[in-house]
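# What follows is a predicted protein model with its sequence.
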Amino acid sequence: MLESVTFVFFLVFVALIFDYINGFHDAANSISTIVSTRVLSPKLAVLWAAFFNFIAAFLIGTHVAHTVGKGIISIDIVNNLVILSALTGAITWNIITWYYGLPSSSSHALIGGLIGAAISKAGFSKLVWTGIIKTSLFIVISPAVGMVLGFFFMVISMNMSRNSNIAKSDRAFRKLQLFSAAAYSLGHGMNDAQKTMGIIAMLLFSKGFLGPVFYIPFWIVLLCHAFIALGTMSGGWRIVKTMGTRITKLQPIGGFSAETAAAVSIIGASVAGIPVSTTHTITGAIVGVGASKRMSAVRWGVAGNIIWAWILTIPISALISSFVYFTVGYFAG
């Protein structure tokens with residue numbers, strides 16, 4: 001049963017559910033700044049973000065999907081149970097962190113799930129260490145880059161508006177935030193939707209449905225962008241509060257700076273084929289914006305809790321995935 005063609009279609013559906021949850025979980029990243037600064041209502045904000053999540057399908061290649069599909073575990077050990085275990089580990093961790101309002105990384109949850117399943121089946125020798133090390137390094141690099149760019153864009157924005165009164169500056173940055181939020185949502189779609197593409201293509205390639213050469217069919221691209229957009233439209237309101245108000249208090253100028261910083265970082269990583277965490281990047285950018293005013297403007301205790309969630313994401317997702325692999329494997333014979 002586990003290796004049947006019917007089960008393959010079931011796993012494609014589960015992967016799309018993960019993609020939907022990814023959008024649902026990360027909706028807060030896309031809309032928290034624009035909602036907290038009251039530039040758009042929550043309903044309009046999610047529609048705005050979802051639209052740009054989807055049109056990203058037509059603007060970039062599938063470099064990140066190839067990294068996930070071939071660059072984390074050896075594709076020759078992939079079977080239905082490996083994919084099921086990886087997706088279950090990632091989905092479970094996403095739901096746990098959503099429940100507690102922690103903006104963790106769906107991307108790293110998926111990578112942790114793949115690692116746990118691969119180790120359970122074939123040991124450490126089937127891990128692709130170059131891809132894992134590169135991805136793991138960006139747990140530190142992406143929020144650091146986001147923080148530096150957030151600080152940088154905030155300083156520039158404040159200098160540009162230094163001769164303007166507060167009301168005029170506020171109106172200008174409210175309008176600019178529409179564009180920065182769109183750019184961030186575009187980057188989110190470019191990077192995050194591609195992780196699910198990689199999983200689905202990996203699964204279909206392992207069954208011979210894609211032929212002898214690994215590639216990402218365009219119908220998979222469209223499906224994944226559609227499902228992450230639908231997830232974004234559903235929103236993740238628990239995390240919106242953490243991202244938009246609890247780390248630091250944002251004004252339109254800060255929201256614009258944070259979104260622009262994160263967009264630049266994520267789109268750059270997507271072009272380079274690096275699966276980064278959009279959550280880590282926007283959180284770092286928000287911290288950088290807060291620190292540009294004064295260090296005490298950042299609630300470091302909240303930021304510390306978020307960092308703990310980042311550190312635990314890959315190992316806990318891997319453990320859940322491994323548990324699923326052995327449990328399902330035992331009962332399925």
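That came through, no problem.

# low-scoring pLDDT stretches of this protein, where are they?
Along the chain, segments meeting pLDDT under 70 span 1, 27-30, 32-33, 103, 235-250, 294-306, 333.

# Can you tell me the SS state at the residue of the chain positioned farthest from its centre?
Using CA atoms, centre = their mean, the residue of the chain lying farthest from its centre is N163. It sits 37.8 Å away. In three-state terms, and counting by DSSP: H, G, I helix; E, B strand; the rest coil, N163 is coil.

# now it: how far from S169?
N163 sits at a distance of 10 Å from S169 (criterion: CB to CB, to the nearest Å). Quick note: C-beta positions are derived from backbone N, CA and C, even for glycine.

# Would you map the helices across this protein?
If DSSP state H is used as the criterion, the helices of the chain fall at 5-36, 42-55, 63-70, 80-99, 106-122, 129-160, 166-206, 218-234, 237-241, 252-271, 278-293, 300-332.

# Of the ones you listed, flag the one that's most buried.
Mean neighbour counts were compared across the helices of the chain using mean count of other CB atoms under 10 Å; the top stretch is helix 278-293, at a mean of 28.

# Please name every helix or strand in contact with it.
Using 3 or more CB pairs under 8 Å, 6 or more residues apart in numbering; DSSP states H and E as the contact criterion, the elements in contact with helix 278-293 are helix 5-36, helix 129-160, helix 166-206, helix 252-271, helix 300-332.

# could I get the ones you listed as TSV with distance to K121?
As requested, these are exported to TSV (distance: least, CB to CB, whole Å):
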stretch	distance to K121
helix 5-36	16
helix 129-160	16
helix 166-206	12
helix 252-271	29
helix 300-332	7
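
# Ok, which of those comes nearest L110?
Of all the helices and strands packed on helix 278-293, helix 166-206 sits nearest to L110, with 5.4 Å by CB to CB.

# give me every residue that touches the nearest residue to I320 once chain neighbours are set aside.
Once flanking residues are discounted, I320 sits nearest to G89: 4.0 Å by CB to CB, 6 or more residues apart in numbering. Residues counted as contacts of G89 (CB atoms under 8 Å, 6 or more residues apart in numbering) are 109, 112-113, 116-117, 317-322, 324.
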